[in-house]
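[1] Provide a 3D model corresponding to the input given below.
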Amino acid sequence: MLEDLPDVPPAVVLLLVEVSLKSRGDYLDARRRLKALLPELKAQSEVYEAQQIAAPRVAAPPGRMDIYMDGGLNLFDSDASCRSWNCRTAGAVRLARSVGLIADTIWLTDYLTERFCRFGRVTNQKLDEVLADTLVLGELMPLILDGIVKFRTPWIPACPSCSASFYEEVDEIAAHLCKEYAGEFALVGHGGDAYSIGTGDLYSPTLDLQITPSKTGKGSIPSVDTYAIKVAHAAVQSALWVGREAVLGGGSIFSNSKIGLAGLAYKDARARSHSELRLLEDKRSIVVPWVNNLSPHQIVQLRREASKALPTFRETLARGLSPTLPGDSDSSGIDLIDDLRMQAAEVRGELENTRQHANRFWKTAYVTLGFGISAYGVGTDQVMPALGGLLPLLQLLMNHKSGTEAEMEKLHRRPGYVLVKAQDILAHDHQLS
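    Numbers count the residues shown, from 1 in each chain. Take a look at the predicted model:
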């Protein structure tokens, strides 16, 4: 199945099928399989990369919600998120429970193909990094199989002049943002020559970026300004690059990098000062009841069973995730969840009432229909008139069925129905366990 999916690199398929599934959680076996697979990964990745660089960008059809991930949400970007295995897999699950529910397509940057094309000397550290990527892919596999998670190449053909112009723009924006956000960066000492740069609120969650002694010189104290500009440059470059892809694909960009989003705002001349940029940073964090307890596999099931309600559910969440405006109440996100909870209870109650009413009607009608045929047929031996006399009753039954289905259809399209199905899926899987 994986081989037939568009926009899924061969490296992803090989890592999932030949390493993750076959090693069955045995770390040493997984490393051995990965090492033996490296020549094949390199060969297939080189062919795929060349094909993708030349492939045209196709915009999403109208009405679709394609989301392009940036910063730490771009799960294979090593510069924007914690590198611990537990943190990375937890991040993949959170992505599935949030964006995995509301997006038609999630676009991640294909850093895997690039890595295998230029893998270089094999070391245990490099193998461990790939195995961590494989664990993340394992969490995303249900969404990949369902065609929700797709990958795009980070490379596009560009002449030297265009490339130079792009990086000059990145330098300008990064320098401006470093001044605006100078107070967020801090040097953290860890004893001896070990240091890291704290990023404050520029990433959510915050990051401590390690500085190795070999890059600073033994006994020297790193310059905060030197590393701050590097952090800002990487964040702005990523956001502008992903933003370009989102524009070409007709989608939206989601990021946990506030400085990256601020770079996009600066480029569009929508924000210039620190106070203005904070309006774009103050995103509400919304935990949707029951959905937050689903696995990636259950999220795919929920998407299918509540597909008619997802469009209005997305619109409801979008209102709660809008940037905070001056004078707005911070309770709007809480109010949104309360409204969804109340609506879920109402929808469940109306569903049960509709089903019970329909069941009673059909049971009574079936008895009437059966007695009508039996009595008329036995008494007169004239079956055709009996059936003819029942046609109005059959029509009544069909009309009632269509009316019931119409009521059910309305309920299936309400945002609260998503929470109802999330509850049902959790309850059903709990009973099976």
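
[2] tell me the SS of Ala80?
    On the three-state scheme (DSSP: H, G, I helix; E, B strand; the rest coil), Ala80 is labelled coil.

[3] now do the phi/psi pair for it.
    Ala80 adopts backbone torsions of phi -130, psi 10, taken as degrees, to the nearest 10.

[4] surely it and Gly91 touch.
    No - judged on Cβ atoms under 8 Å, Ala80 makes no contact with Gly91 at a distance of 10.8 Å. (Each C-beta comes from the backbone N, C-alpha and C, glycine too.)

[5] between those two, tell me which one has more neighbours.
    Neighbour tally, Ala80 and Gly91, criterion other Cβ atoms under 10 Å: the higher count belongs to Ala80, 24 against 19.

[6] how near is that one to Glu305?
    Distance of Ala80 to Glu305, given as Cβ to Cβ, to the nearest Å: 34 Å.

[7] swap in Leu16?
    The value you get for Leu16 to Glu305, if Cβ to Cβ is used, is 25 Å.

[8] which one is Ile229 nearest to, not counting chain neighbours?
    Leaving aside its chain neighbours, Ile229 sits nearest to Cys178 (5.4 Å; criterion: Cβ to Cβ, 6 or more residues apart in numbering).

[9] check Asn124 too.
    Arg31 (8.0 Å).

[10] show me what the helix or strand encompassing that neighbour is packed against.
    According to DSSP states H and E, Arg31 maps onto helix 27-54. Judged by 3 or more Cβ pairs under 8 Å, 6 or more residues apart in numbering; DSSP states H and E, helix 27-54 is in contact with helix 10-14, helix 22-23, helix 111-117, helix 124-145.

[11] residues in contact with the longest one?
    Put plainly, it is helix 124-145. Residues from elsewhere that reach helix 124-145 (Cβ atoms under 8 Å, 6 or more residues apart in numbering): 1-2, 5, 8, 12, 15-16, 19-20, 27, 30-31, 34-35, 75-76, 78, 83, 85, 88-89, 91-93, 95-96, 100, 106, 112, 115, 119-120, 149, 295-297, 299-300.

[12] show me what the next helix or strand after that helix is packed up against.
    Using DSSP H and E, the helix or strand that directly follows helix 124-145 along the chain is strand 149-152. Helices and strands touching strand 149-152, as assessed by 3+ Cβ pairs under 8 Å, 6+ apart, comprise strand 105-109.

[13] list the contacts of the strand it packs on.
    Applying Cβ under 8 Å, 6+ apart, the set of residues contacting strand 105-109 from outside is 60, 64-69, 74-77, 95, 99-100, 143, 147-154, 242, 245, 249, 251.
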